[in-house]
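Peer 1: got a predicted structure plus its sequence, pasted below:
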Amino acid sequence: MTQTMYDKIWHHHVVEERGDGVALLYIDRQIIHEVTSPQAFEGLRLANRKLRRRDANIAVPDHNVPTKNRHLPNPDPSSKEQLETLEQNVDAFDVNYIPMDDIRQGIVHVVGPEQGITQPGITMVCGDSHTSTNGAFGALAFGIGTSEIEHAFATQTLVLKKSKSMRVKIEGTLPFGCSAKDMALAVIGKLGTAGGTGYVIEYAGSMVEGLSMEGRMTLCNMSIEAGARAGMVAPDETTFNYIKGRPFAPKGGQWNAAVAYWKSLVSDEGANFDKEVTLTQDDIVPLVTWGTSPEDVIPVTAEIPAPSSFADPNKQVAAEASLDYMGLAAGTPMQEVSVDRVFVGSCTNSRIEDLRQAAAMIKGRKISESVKEAIIVPGSGLVKHMAEEEGLDKLFIEAGFEWREPGCSMCLAMNPDKAGPGEHVASTSNRNFVSRQGPGARTHLVSPAMAVGAAIAGHFVDVRNY
Ligand SMILES: CC(C)[C@H](C(=O)O)[C@@H](O)C(=O)O
Ligand code: SF4
């Protein structure tokens, strides 16, 4: 019987079938951050339990870390407490830990792949929805809740129901001025935020195969915004080249054996997917979100849509509310929308390639005087270091950007990096929810190049001719 990649990885990890698609699944690796782990550790404490496999877990602080003045006391009491609690817990339970002052520190979903922790064929969890990022390697990686974190700590297993499978093919060559972020936004625009509910998505097609690992991670990262449980890309030479030599990668004779196994994971010819969706090169253009849902995407060359243009009455109501919150009028050309702040970062777009694409847009120009703040937040200390070796930090600083320390930062504004009420933010993150980047802040999701273009012009621009 033919199998999808998801079927294969699932079956390799079943400890016990419970019937009705529910199974006890073995979990290979778990990553932990400070926001969702405290109750899980507390649960272990109360039940007097330990970690079943301490080498399968690794913790790193990311959401609450300050991105500047780290040598000073943390200005936010609740952030301080969450960070200290994580330190106490990893100490008490002897969990592998990457502290804030370690060059490897960064956003969990950047650190896992960078360290070679993420590998094809593994099951990988984290108490964080964007764990889907790791699926770019052909891993089954997904976010879990606090009680599941505790369960995985104690047993190295989880009780799970198998999802349906969807294949999203994107065919063609990535058009000029576009990036994996535009592909991700195009997929969400097409599926809608509920289109992937109940599914694990496998991304395929020539445009996906042509992406670097960084691009594939951007694409898989935003599977969650399409409602899916996870996103995956079949491992290939691009994957193997990325993993080779990383700290946790298989070494010596184990390398060849691992690659042979990884190659066997790809979906069989003719494997059955519950749903198939295809996008073409024509669907991929520089996109911007205009509303408060990631599905609210339009080409940068388009106008803000009128609520009445949507067929679904519920969507009409939602669009009305979105426009009201965003302070936008239907019919306004997107390129006339001005931006107050610019954020390049987050687990969607903070890897080295994202920073290179962002820096390439500067071309000796400076950010607009109308922009209050433009920050570049690398995904990890290693990304930051690499960017500095390439001189990207200087390009950003000369243009008027702030060059920060790694963390989640203004993606969700749990640290001091916030946008003010009513301010429009050109953001490379993944969620444009109400008040996501600060109370009343208005988020527009874009690619790194589009964010820098907006910073220079002071409003959204079509990066293809800017
Ligand atoms: C804090 C965490 C639970 C949350 C998530 O799971 O996604 C955060 O990372 C986010 O992006 O909103
Ligand atoms: S960068 Fe944003 S989306 Fe990613 S884990 Fe952090 S808060 Fe969540």
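Peer 2: Happy to help now that I have it. Ligands and ions are numbered 1, 2, ... in the order given.
Peer 1: contacts, neighbours, all on C-alpha from now
Peer 2: OK.
Peer 1: residue numbers of the chain in contact with ligand 2?
Peer 2: 63, 130, 346-347, 408, 411-412 (CA under 6 Å from any ligand atom).
Peer 1: name the nearest residue to whichever residue of the stretch 51-200 of the chain sits closest to ligand 1, sequence neighbours excluded.
Peer 2: Ligand 1 sits closest to D128 of the stretch 51-200 of the chain, with a gap of 3.4 Å, by CA to the nearest ligand atom. Distances taken as CA to CA, 6 or more residues apart in numbering put G143 closest to D128, at 4.7 Å, once the chain neighbours are dropped.
Peer 1: confirm for me that the one you found is in contact with G135.
Peer 2: No - taking contacts as CA atoms under 8 Å, G143 lies outside contact range of G135: 11.4 Å.
Peer 1: for the residue of the stretch 51-200 of the chain closest to ligand 1, grab phi and psi.
Peer 2: phi -160, psi 130 (degrees, to the nearest 10).
Peer 1: still on that earlier bit, just the ones of the residues of the chain next to ligand 2 in strands?
Peer 2: Judged by DSSP state E, the residues of the chain next to ligand 2 include no members of strands.
Peer 1: most neighbours among those, which one?
Peer 2: Within the residues of the chain next to ligand 2, most neighbours by other CA atoms under 10 Å means C408, with 30 neighbours.
Peer 1: residue contacts, that residue?
Peer 2: Counting by CA atoms under 8 Å, 6 or more residues apart in numbering, C408 touches 62-65, 107, 345-347, 379.
Peer 1: mind doing that once more with 6 Å?
Peer 2: For C408, the contacting residues are 62-63, 346, by CA atoms under 6 Å, 6 or more residues apart in numbering.
Peer 1: so the residue nearest to D128 makes contact with T123?
Peer 2: No - between G143 and T123 there is no contact under CA atoms under 6 Å: 11.1 Å.
Peer 1: between the two, which has more neighbouring residues?
Peer 2: Per other CA under 10 Å, whichever of G143 and T123 has more neighbours is T123, with 25 against 19.
Peer 1: follow-up on the earlier one: okay, the residue of the stretch 51-200 of the chain closest to ligand 1: pLDDT?
Peer 2: In this model, D128 is scored at 98, pLDDT.
Peer 1: kindly report the same for P75.
Peer 2: 89.
Peer 1: quick one: it is in a helix?
Peer 2: No - assigned with DSSP: H, G, I helix; E, B strand; the rest coil, P75 falls outside any helix and is coil.
Peer 1: not counting sequence-adjacent ones, nearest residue to it?
Peer 2: Excluding the flanking residues, the one nearest P75 by CA to CA, 6+ apart is P416, at 8.0 Å.
Peer 1: and the strands in the stretch 251-400 of the chain?
Peer 2: For the stretch 251-400 of the chain, strands defined by DSSP state E, counting those that start in this stretch occupy the ranges 275-279, 287-289, 297-299, 341-344, 373-376.
Peer 1: of all the ones you listed, which lies closest to ligand 1?
Peer 2: It's strand 341-344; of the strands of the stretch 251-400 of the chain, that one is closest to ligand 1 (CA to the nearest ligand atom) at 14.9 Å.
Peer 1: now for that closest one, which elements pack on it?
Peer 2: Judged by 3 or more CA pairs under 6 Å, 6 or more residues apart in numbering; DSSP states H and E, strand 341-344 is in contact with strand 373-376, strand 424-427.
Peer 1: one more time with 10 Å
Peer 2: Packing partners of strand 341-344 (3 or more CA pairs under 10 Å, 6 or more residues apart in numbering; DSSP states H and E): helix 352-360, strand 373-376, strand 424-427, strand 442-445, helix 448-457.
Peer 1: and the angle for the longest one with helix 352-360?
Peer 2: In other words, helix 448-457. Computed by axes from the mean of the first three to the mean of the last three CA atoms, to 10 degrees, the angle separating helix 448-457 from helix 352-360 equals 30 degrees.
Peer 1: please renumber so the chain begins at 9
Peer 2: Understood, numbering begins at 9; the last thing we discussed is helix 456-465.
Peer 1: so which elements touch helix 456-465?
Peer 2: With contacts taken as 3+ CA pairs under 10 Å, 6+ apart, helix 456-465 sits against helix 188-199, strand 295-297, strand 349-352, helix 360-368, strand 381-384, helix 400-407, strand 432-435.
Peer 1: report the mean confidence score over it.
Peer 2: For helix 456-465, mean pLDDT rounds to 98.
Peer 1: contacts only, for V471.
Peer 2: 184-186, 294, 308, 369, 457-462 (CA atoms under 10 Å, 6 or more residues apart in numbering).
Peer 1: now with 8 Å, please.
Peer 2: If you count contacts by CA under 8 Å, 6+ apart, V471 has them with 185, 294, 457-458, 461.
Peer 1: a markdown table for the residues you listed, including distance to ligand 1 and neighbour count?
Peer 2: As requested, the contacts of V471 are exported to a markdown table (distance: CA to the nearest ligand atom, whole Å; neighbours: other CA atoms under 10 Å):
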| residue | distance to ligand 1 | neighbour count |
| --- | --- | --- |
| G185 | 27 | 19 |
| P294 | 23 | 28 |
| A457 | 22 | 28 |
| M458 | 21 | 32 |
| G461 | 25 | 25 |
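Peer 1: how about these in a markdown table, adding distance to R439?
Peer 2: As requested, those are exported to a markdown table (distance: CA to CA, whole Å):
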| residue | distance to R439 |
| --- | --- |
| G185 | 22 |
| P294 | 17 |
| A457 | 18 |
| M458 | 16 |
| G461 | 20 |
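Peer 1: of all those, which comes closest to Q38?
Peer 2: A457 (32.6 Å; CA to CA).
Peer 1: alright, calling it a day.
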